[in-house]
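>>> got a predicted structure plus its sequence, pasted below:
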Amino acid sequence: MSKYEKTIGLEVHVELKTQSKIFSSSANTYGMDTNTCVNVVDLGYPGTLPTINEEVLKIGVKAAHILHCNITKRMHFDRKNYFYPDNPKNYQITQSRTPIGTDGYVEIELDGEKKKIGIEEIHIEEDTCKSAHRGKVSLLDFNRAGVPLLEIVSKPCMKNKDEAIKYLEKLKELLFYGDISDCKMEEGSMRCDANVSLSKEVGKLGTKCEVKNMGSIHSVGEAIEIEEKRQQECLEKGEVIKEQTRRYDEKKKATILMRVKETGNDYRYFPEPDIPFVVLEDSFIKEAIETLPLLPDELRKIYQEKGLSKTQIEKIIANRPLSNYFNQLLENDINHSLAANLLLGDIAAYLNKKNLTLDQTKLGKNRFLSLIQKMEDGSLSSKNLKEILDEIMESEKDIDDIMKEKGIQNIKDDTVILQVIEKVMQENEASVKDYLEGKDRALKYLMGQVMKETKGSVNPKMANDLLIEKLKERSV
Amino acid sequence: MNNYLDLSLEELHELLVKKEITPLDLVKEAKRRIEEQQDLNAFITINDKALEEAQNLGEVEEDNLFFGLPIAIKDNIMTKDLRTTCASKMLENFIPIYDATVIEKIKEKKMIIIGKTNMDEFAMGSTSRTSYFGAPKNPHDKTKIAGGSSGGSAVCVAANLTPLALGSDTGGSIRQPASYTGIVGMKPTYGRISRYGLVAFASSLDQIGPMTRTVKENAQLLSILVGKDNRDLTSSNQKEEDFTRKIGQSIQGLKVAVPTYFMSDIVSKEIKEAIKKTIAYLEKNGVTVEEVEMKYLDKAVTLYQIIAMGEASSNLARFDGVRYGFRADDVDSVEEMYTKTRQLGFGDEVKRRIMVGSYLLSGENAKIYYDKALSIRDDMKKEFDRVFQTYDLLIGPTTTTTAYGLEENVDDPMKSFLDDVLVIPVNMAGLPSLNIPLGKSQENMPFGLQIIGKAFDEATIYQLGAFLEGGRHE
């Protein structure tokens, strides 16, 4: 549609899920009272020194592995010097020259086509304070200062907002399943800046503008589209675009200029002398990677092998607690598709209604297995399940006892079923005749009568099979 | 009037154990001495609670040599609840809320901190004249500088206000004032003593060290300061040890090198003469002494300026008026607050070094200067390693001259670096080095001998230092 080639690169920051901060022993928390998770190191107190949280290195290795990066085994940290009140030491400890991971990718699928989105590098750094401005006064919360961050810098290789959105969704899914970060954009534990550029010449990059302040993946998409439009209009008017930083205003649906980069930023990077070189031993790397849980694409494959439909698979993966629950059933010899249906259907509805999670109910693994068993062999119909589901979820009682109390019997005895079938056939000769003449609908009617006679307590499959058998005997 | 503080640590300890004196007596005496010699300007802050602390020490610990002894601390080491200024207006009213690791160790040993000693502002200087609180004076001649940056601690020990003091040495700041004031000062191996709580000047060079009257007491004090600290990643894993263990052992067979640069024309004649006498005395006692040519020594000051000022420009960025320390009034924006606070809070020398350091790290300069300096520094380390393959120790003068007048060379910013030309190479290589008093000039001003050892071999330095101590070779 346009004569311009658009290029998008994304810089994503995620907060890492660690117990303590990256360079101090303060707790890494969210939502605590302001300035309660702070010590002298976080405050940049004179004389204090950084320590290094090994958990961060481990998570960094995991992230590098997940994102198919080369892992930098001998690395150091650097100081990025700039004055800003939210930057306690007025330098940020980051990795400039030896990022923990380089040259990776994330694979996305768009309209059935797969594409690898390249990752330039990932590096570890510390978060800044959270600042709030009240008129002339600025307030600082140091709880966030020193929270470990991973910055993931994509290559400038996305061609439109759809690719960008897919990339972010995939990245979020991967980092979340890899226990790297909880990736909540609304809480700021995942943040994204977009570099957008337009060029007339294919294969040549235009001048990029950085857009910040997007609160969701959806608004990243919006902002990209709006920024592309703005740049296109500028270029069509013959204006020259200067490298700049812009802020996305979600209400105005516009990107607003923050600052033009006159010269390249001078952060006076140099190796952090307070932290010696870090050498990641092969055993350390191996151990970190081995502790990774199953990742979404691996799960997709397994779920498919277990006979789940694409819709079921995506629904389960979108819900990690459910996926975790489901994963513990993978080794059991059950109908997994039926189990998925049950979890995504009646059980999900129940949880939704009661606003609970599975682990808050009585439905442990063994209870679920006994439930699915009964559904599979037909001794509990889905109609009957609806009657007793609440109790299954909420009481400790044996499912058999619950069924008994509700008068749901398990008639699996052939002779009893046969007696009922004989009776129904005698009473409905017309339908029997219809069936034998090829009217399949008659079977359904007869079956309905069987169920009615037994108040739905026979094993439907078994009854159906026996009924057909008996009808066939007649036709001979 | 008592003069217990003229006694050795062991004698003091014995009197304390016998209950002939109490820690309170010693604190009172130290305070009296400080008051009597207030014009030396050795202290920035006196610990008002020292008397109370001495009273509350409890039963004397017989196996603790340092029990109840008064000590002075350089004012760039954090002392909880006791003002720590770095001799700067920036921290003029700064009361720390935590103790440096060395201070924790000193308090564990039940020493009494008498006060915080004067120094160059943020340890930047070699005369202690950049102090916001005025320069300390040399007790040997009060019109002369005490050296720096640990000038106050040197004066304190030289005038025997307290027998023990801590200094810090980034580019000679313990050894050079020790030489100028005639005391013993050790810069231990980089990583020997935790830097946690030492206000950083140049992180890759800074090291805390003991300043004392005698070599043995220096070794004794060092023994309780060292050890791995989990709060300082650059602190080494070396086990704690008794640094006095080689003192008194025969020095026969030791091999000592004298770098030719240390005997070149930059060193005054009388100091060179004294070194030659020392060499002869050592040879007479079975020590092999040889002059060696060493590369890079003459480049040390340049490297030092690049590395130290680069790191300092970043380390001192935190003094911005936001969280602690001085903040300028009447400002309309954050930028103005930064600018005015730093303009008014820092002295000229500090500002000069921050500016030069910022320039050195700017853009491409970081690669041209800082990276290059780090790489030459590695070569310099290797050069020392090479010499130490053959020799046990290196010796030479600590300073090229004796202390000069308080008003001399005030306008020459390069002078303060050139004062340290002989002591800086050691910081570059991270090695341990000790100053011991060697002699006195015709003007009766002291100068010292520097003994440099292999990394973590302070014990052998003390062995030779103790042998040469007291001018037996004169």
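Received it, and whenever you're ready, just let me know what you need. Residues are numbered from 1 along each chain as shown, chains lettered A, B, ... in the order given.

>>> can you tell me which residue sits nearest the middle of the chain?
Looking at chain A here, since you left the chain open. Taking C-alpha atoms, centre = their mean, the centroid of chain A lies closest to A:E173, which sits 3.7 Å from it.

>>> wait, I meant chain B there
Nearest residue to the geometric centre of chain B (C-alpha atoms, centre = their mean): B:I174, 2.2 Å.

>>> that one reaches B:M186, doesn't it?
Yes - counting by C-beta atoms under 8 Å, B:I174 does reach B:M186; the two are 6.8 Å apart. For glycine as for every other residue, the C-beta is placed from the backbone atoms N, C-alpha and C.

>>> between the two, what contacts are shared?
B:G209, B:M211, B:N435 (C-beta atoms under 8 Å, 6 or more residues apart in numbering or on different chains).

>>> can you verify the second one is assigned to a helix?
Looking back up the chat, that one is B:M211. No - B:M211 is assigned strand when assessed by DSSP: H, G, I helix; E, B strand; the rest coil, not a helix.

>>> for the nearest residue to B:D81 once chain neighbours are set aside, helix, strand, or coil?
Counting by C-beta to C-beta, 6 or more residues apart in numbering or on different chains, B:I95 is the residue found nearest to B:D81 once chain neighbours are left out, at 6.2 Å. Three-state call for B:I95 (three-state DSSP): coil.

>>> quick check, B:I95 in contact with B:M78.
No - with contact defined as C-beta under 8 Å, B:I95 and B:M78 do not form a contacting pair (10.1 Å).

>>> what residues does chain A put near chain B?
A:40, A:43-52, A:79, A:81, A:83, A:85, A:88-91, A:138, A:140, A:264, A:266, A:268-271, A:273-276 (C-beta under 8 Å from any C-beta of the partner chain).

>>> just give the number of residues close to the one residue in the stretch 1-150 of chain B that gets nearest to chain A.
The stretch 1-150 of chain B approaches chain A most closely through B:M78 (4.5 Å), counting by C-beta to the nearest C-beta. Residues lying near B:M78 (other C-beta atoms under 10 Å in any protein chain shown) number 26.

>>> hang on, the earlier thing: so how do I select the buried members of the residues of chain A next to chain B in ChimeraX?
A single ChimeraX command selects the buried members of the residues of chain A next to chain B (16 or more other C-beta atoms under 10 Å in any protein chain shown):
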select /A:40,43,44,45,46,47,48,49,50,51,52,79,81,85,88,89,90,91,140,268,269,270,271,273,274,275
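
>>> any buried residues in the lengthiest helix in chain B, and which?
Assignment by DSSP state H gives helix B:372-390 as the longest helix of chain B. By 16+ other C-beta under 10 Å, the buried positions in helix B:372-390 come out as B:A373, B:L374, B:I376, B:R377, B:M380, B:K381, B:E383, B:F384, B:V387, B:F388.

>>> next: stretch A:318-325.
Across stretch A:318-325, burial judged by 16+ other C-beta under 10 Å covers A:N319, A:L322, A:S323, A:Y325.

>>> and stretch B:404-424, by the same measure?
Residues of stretch B:404-424 classed as buried by neighbour count (16+ other C-beta under 10 Å): B:Y404, B:L406, B:N409, B:S416, B:F417, B:L418, B:D419, B:D420, B:V421, B:L422, B:V423, B:I424.

>>> just checking, the second one touches B:A146?
No - under the criterion of C-beta under 8 Å, B:L406 makes no contact with B:A146, lying 9.2 Å away.

>>> and for those two, which residues touch both?
Shared between the contact lists of B:L406 and B:A146 (criterion: C-beta under 8 Å, 6+ apart) are residues B:A135, B:K137.

>>> got the buried residues for the one helix or strand the residue nearest to the centre of chain A maps to?
Counting by DSSP states H and E, the element that carries A:E173 is helix A:161-177. Buried residues in helix A:161-177, counted by 16+ other C-beta under 10 Å: A:161, A:163-168, A:170-177.

>>> and the helices in the stretch 251-400 of chain B?
In the stretch 251-400 of chain B, the helices defined using DSSP state H, counting those that start in this stretch lie at B:269-284, B:300-315, B:334-345, B:348-361, B:365, B:372-390.

>>> mind putting those into JSON lines with distance to chain A and mean pLDDT?
Formatted as JSON lines, these follow (distance: least, C-beta to the nearest C-beta, whole Å; pLDDT from 0 to 100):
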{"stretch": "helix B:269-284", "distance to chain A": "33", "mean pLDDT": "96"}
{"stretch": "helix B:300-315", "distance to chain A": "5", "mean pLDDT": "96"}
{"stretch": "helix B:334-345", "distance to chain A": "6", "mean pLDDT": "96"}
{"stretch": "helix B:348-361", "distance to chain A": "4", "mean pLDDT": "96"}
{"stretch": "helix B:365", "distance to chain A": "9", "mean pLDDT": "92"}
{"stretch": "helix B:372-390", "distance to chain A": "8", "mean pLDDT": "97"}
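
>>> pick the most deeply packed of the ones you listed.
Comparing these by mean neighbour count (mean count of other C-beta atoms under 10 Å in any protein chain shown), helix B:300-315 ranks first with a mean of 24.

>>> tell me the one among the shared contacts of B:I174 and B:M186 nearest to B:G310.
B:G209 (23.2 Å; C-beta to C-beta).

>>> ok, now which ones touch the closest one?
B:G209 neighbours (C-beta under 8 Å, 6+ apart): B:L166, B:G167, B:S168, B:D169, B:I174, B:G185, B:M186, B:K187, B:P188, B:I193, B:L222.

>>> up against chain A, what does the stretch 101-250 of chain B have?
With C-beta under 8 Å from any C-beta as the criterion, the stretch 101-250 of chain B meets chain A at residues B:195-200, B:202-204, B:230-234.

>>> run through chain A and note the low-pLDDT ranges.
A:1-2, A:262-265, A:409-413, A:456, A:476 (pLDDT under 70).

>>> show me which strand runs longest in it.
For chain A, the strand that runs over the most residues, judged by DSSP state E, is strand A:113-126.

>>> report the next helix or strand after it in sequence order.
Remark: after strand A:113-126, the chain's next helix or strand is strand A:130-134, criterion DSSP H and E.

>>> and the next helix or strand past that next one?
Assignment by DSSP H and E places the next element after strand A:130-134 at strand A:137-141.

>>> in helices, which of the buried residues of stretch A:318-325 appear?
Those of the buried residues of stretch A:318-325 lying in helices (DSSP H): A:L322, A:S323, A:Y325.

>>> out of these, who's nearest chain B?
Comparing these against chain B with C-beta to the nearest C-beta picks out A:S323 as the nearest, at 39.1 Å.
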